[in-house]
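# have a look at this prediction, sequence included:
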Amino acid sequence: MKVLGLLGSHQRTGVNRQLLDAVLAGVQPDADVEIVFLNDYRILPDTGTPNQVLDELEAKLLAADVWVLVAPTYWGAMAGVMKNFLDCMRPRLVRFNQVGDALADRFKGKHYVTISSCYASPAEELITGMTDETFRSFDKVLSAAGLLKIREIVQTNTYGLKTLSVRKQAECRQVGASIQSKAKRTDDTVKRYIQLFGMVAGATLITMGLQQLVNLILPISQFWLNYISFVLIFFILLASVLRFFTVVKHRRH
């Protein structure tokens, strides 16, 4: 197995490099590991002429089974180094049909881990979702290319931070150690259906319980009124659960 680390920060060393190094340190010893510092390359889009830089980077991506992509969050979005790389690689990551739809191609079935960092405190990150846009950008690009996600990692409070905490290093190494086993899975569809079933079952149970309480205070015997109250309560509960799992889903430490 080959694991490729892509560091999309302005600094070669620092917190983001430490996060990447910690993840790769946990990878199985027999794995082939390589790190690419994107700022070492003059990355420009294809213009119809030979592009040796993109050719080299594309070859590295094709040779790797797992990509570990790291980009700090600046101004609430992905750092420009990584964004420029993904933008320039766009015609190579996917293929386009006759109407311009992006379709997965040669990278389909590979796996990825995404990492970001920000100055925000854990509480601010939890409330505002400072890194959400960065991870959404990663997922939009990589899922379009047909890659499957293994995990994401968030490092908060990076202002003035020189060294990762022991706890964060351990978390990163644990993610690295899980790469080989998780990369063997081809899809998480069954897991997602189970999660969805659990959400629906839980929301239904809570809705029925709340309806019973409402009926104790304000008895409702008319069928359509019962139906409307059930739908409203169920919708609010399910929408809240879905928002939590789709927006407030990062490990914000």
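Cool, got the structure.
# can I get the strand or helix carrying residue 6 as CSV, trimmed to CA atoms?
Using DSSP states H and E, residue 6 falls within strand 2-7. Extracted C-alpha coordinates of strand 2-7, given in CSV (Å, rounded to 0.1, in the frame of the first residue of the first chain):
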residue,chain,number,x,y,z
LYS,A,2,1.2,3.5,-0.8
VAL,A,3,0.1,6.5,1.2
LEU,A,4,0.7,10.0,-0.2
GLY,A,5,0.7,13.1,2.0
LEU,A,6,-0.1,16.4,0.3
LEU,A,7,0.8,19.4,2.4
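# now do the same contact list for the residue with the largest distance to the centre of the chain.
Most distant from the centre of the chain: residue 221, at 47.0 Å, with distances by CA atoms, centre = their mean. With contacts defined as CB atoms under 8 Å, 6 or more residues apart in numbering, residue 221 has no neighbours. To be clear about C-beta, it is placed using only N, CA and C from the backbone, and glycine gets the same treatment.
# buried sites along the strand holding residue 6?
Neighbour counts over strand 2-7 (16 or more other CB atoms under 10 Å) mark 3, 4, 5, 6, 7 as buried.
# give me the low-pLDDT residue ranges for this structure?
183-189, 191-192, 243-253 (pLDDT under 70).
# at 80 instead, please
182-193, 195-196, 214-215, 217-221, 241-253 (pLDDT under 80).
# mind giving me the packing neighbours of the top helix by length along it?
What stands out as the longest helix in the chain, according to DSSP state H, is helix 189-217. The contact analysis (3 or more CB pairs under 8 Å, 6 or more residues apart in numbering; DSSP states H and E) places helix 189-217 against helix 223-246.
# which positions within the helix it packs on qualify as buried?
Buried, per 16+ other CB under 10 Å, within helix 223-246: 229, 233, 234, 237, 238, 241.
# from residue 68, how far out is residue 36?
Look at residue 36 and residue 68: by CB to CB, to the nearest Å, they are 10 Å apart.
# identify the contacts common to these two.
Residues touching both residue 36 and residue 68 (CB under 8 Å, 6+ apart) are 4, 5, 6.
# just say helix, strand or coil for residue 92.
helix (DSSP: H, G, I helix; E, B strand; the rest coil).
# what about it, neighbour count?
19 (other CB atoms under 10 Å).
# likewise residue 75?
As a burial measure, residue 75 scores 9 neighbours (other CB under 10 Å).
# one step back: so the residue farthest from the centre of the chain sits in a strand?
No. Counting by three-state DSSP, residue 221 is not part of a strand but coil.
# looking at the buried residues of helix 223-246, spot the one nearest residue 137.
residue 241 (24.4 Å; CB to CB).
# measure residue 81 to residue 100 for me?
27 Å.
# I meant residue 182, not that one.
Residue 182 is 33 Å from residue 100, by CB to CB.
# compare the two (neighbour count), which wins?
Using other CB under 10 Å, the more surrounded residue of residue 182 and residue 100 is residue 182, with 16 against 6.
# domain parsing of the chain, as residue ranges.
2-185, 190-246 (automatic domain parsing).
# so of those, which one's packed in deepest?
Ranked by mean neighbour count under mean count of other CB atoms under 10 Å, the domains of the chain are led by domain 2-185, which reaches a mean of 17.
# next one: that domain to chain centre, how far?
9 Å (CA atoms, centre = their mean, to the nearest Å).
# still on that earlier bit, let's have the buried residues of helix 223-246 in JSON lines, adding distance to residue 136.
What follows is the buried residues of helix 223-246, written out as JSON lines (distance: CB to CB, whole Å):
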{"residue": "229", "distance to residue 136": "35"}
{"residue": "233", "distance to residue 136": "30"}
{"residue": "234", "distance to residue 136": "27"}
{"residue": "237", "distance to residue 136": "24"}
{"residue": "238", "distance to residue 136": "21"}
{"residue": "241", "distance to residue 136": "19"}
